[in-house]
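# predicted structure and sequence below. I'll ask about it afterward.
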Amino acid sequence: MVSGLVRASHPAPAVAVTLISVGLAVVWGRSPGGIAAVGAAILAGQLSVGWLNDYLDRDRDAASGRADKPIPNGEIGAKAVLVAYVVSGVAVVPLSFLSGLIPGLVHLAAVASAWSYNALLKGTVLSVLPYAVSFAGGPAFVVLGVPATPPWWLLAAGALLGSGAHFANALPDLAQDLATGVRGLPHRLGPRYSWAATCVLLLAAAAVLNPYAVAASAVVLLFGRRHPFQAAMLVALLDVVLLILTK
């Protein structure tokens, strides 16, 4: 059961986004307590997003024969995943406000945006919008808690990274999603143009953050075509590492 609950949370992106946010907290000089608060809030939010996704997609996953999904394959019950979502969704509220009122509200808005993707916008032409909003909201939350004003380029890079991650995340499941009626923006564009959008958006994000990151990102994307979402997360991590080293 524990293994199924962990896998239903989408642990890889949850950990990656948390590490990226903690790295930004270090760059912007958050105190040790502030860094811990960022990590806890971001992780709780990411876990809630992952659990909501698997809970809401359980019937589509079963129809698609997704043996890798823990609810359809019987590894864990849907009710347990729903309870985990509710617990993490409640926990993210006080954890977010540890960084202050305005930062907390910004982070909760970013989490709510991610929830809206799962619940409302996944199958629409606006499917990329929650990714852009949530990935911009995360860095804003980190910087506002310093307190400081988030620079425009950081928010732009976050929105670009999020948008690129959306296309990358959708690519492996385009055919299965279409078979179950999901028609988000990547599904409408198709695999060729969705991969092109992934590369353009991620390279644009790297260029905004750090010119040195462009070459590193290009190498990752060159070899990451078969695992696009993992490549997108690696690009984001590289961007933050280079930002830390050059800031």
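Looks like it arrived, so ask away. Numbering: from 1, shown residues only.
# what is the neighbour count of V241?
16 (other C-beta atoms under 10 Å). C-betas here are computed from N, CA, C, even on glycine.
# my read is that it contacts G23, right?
Yes: between V241 and G23 a contact is recorded at 7.1 Å, counting by C-beta atoms under 8 Å.
# hey, what's in contact with both of those two?
When C-beta atoms under 8 Å, 6 or more residues apart in numbering defines a contact, no residue borders V241 and G23 alike.
# after whichever strand or helix holds A44, which helix or strand is next?
Element membership of A44 [criterion: DSSP states H and E] is helix 32-56. Per DSSP H and E, helix 32-56 leads on to helix 58-63 as the next helix or strand towards the C-terminus.
# now do the buried residues in that next one.
Of the residues in helix 58-63, R58, R60, D61 count as buried by neighbour count, 16 or more other C-beta atoms under 10 Å.
# distance to V86 for those residues - can I get that in a markdown table?
Listed next are these as a markdown table, based on distance: C-beta to C-beta, whole Å:
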| residue | distance to V86 |
| --- | --- |
| R58 | 16 |
| R60 | 21 |
| D61 | 20 |
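# which one of the residues you listed is nearest to F223?
D61 (28.7 Å; C-beta to C-beta).
# count of neighbours near the closest residue to that closest one other than its chain neighbours?
Excluding its sequence neighbours, the residue lying closest to D61 (C-beta to C-beta, 6 or more residues apart in numbering) is K69, at 4.3 Å. Around K69 there are 20 other residues, counting by other C-beta under 10 Å.
# where along the chain do the helices fall?
2-8, 11-27, 32-56, 58-63, 78-97, 101-116, 128-144, 152-170, 174-179, 185-209, 211-223, 228-246 (DSSP state H).
# relative to the whole chain's centre, how far out is the second one?
Put plainly, it is helix 11-27. 10 Å (C-alpha atoms, centre = their mean, to the nearest Å).
# the fourth one too?
Put simply, helix 58-63 sits 22 Å off its chain's centre (C-alpha atoms, centre = their mean).
# which helices and strands sit right next to that helix?
Of the remaining helices and strands, none touches helix 58-63 by 3 or more C-beta pairs under 8 Å, 6 or more residues apart in numbering; DSSP states H and E.
# need phi/psi at the residue of the chain most remote from its centre.
The outermost residue of the chain relative to its centre, with distances by C-alpha atoms, centre = their mean, is G74 at 25.9 Å. Main-chain dihedrals, G74, degrees, to the nearest 10: phi 80, psi 10.
# could you export stretch 85-99 as CSV, CA atoms only?
The C-alpha trace of stretch 85-99 is given here as CSV (Å, rounded to 0.1, in the frame of the first residue of the first chain):
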residue,chain,number,x,y,z
TYR,A,85,-4.9,14.1,-1.5
VAL,A,86,-7.2,15.7,1.1
VAL,A,87,-4.6,15.5,3.8
SER,A,88,-1.9,17.0,1.7
GLY,A,89,-4.2,19.6,0.4
VAL,A,90,-5.1,20.7,3.9
ALA,A,91,-1.5,20.6,5.1
VAL,A,92,-0.3,22.8,2.3
VAL,A,93,-2.3,25.7,3.7
PRO,A,94,-0.4,26.2,7.0
LEU,A,95,2.9,25.2,5.4
SER,A,96,2.5,27.9,2.8
PHE,A,97,1.7,30.6,5.4
LEU,A,98,4.9,29.8,7.2
SER,A,99,6.5,32.0,4.6
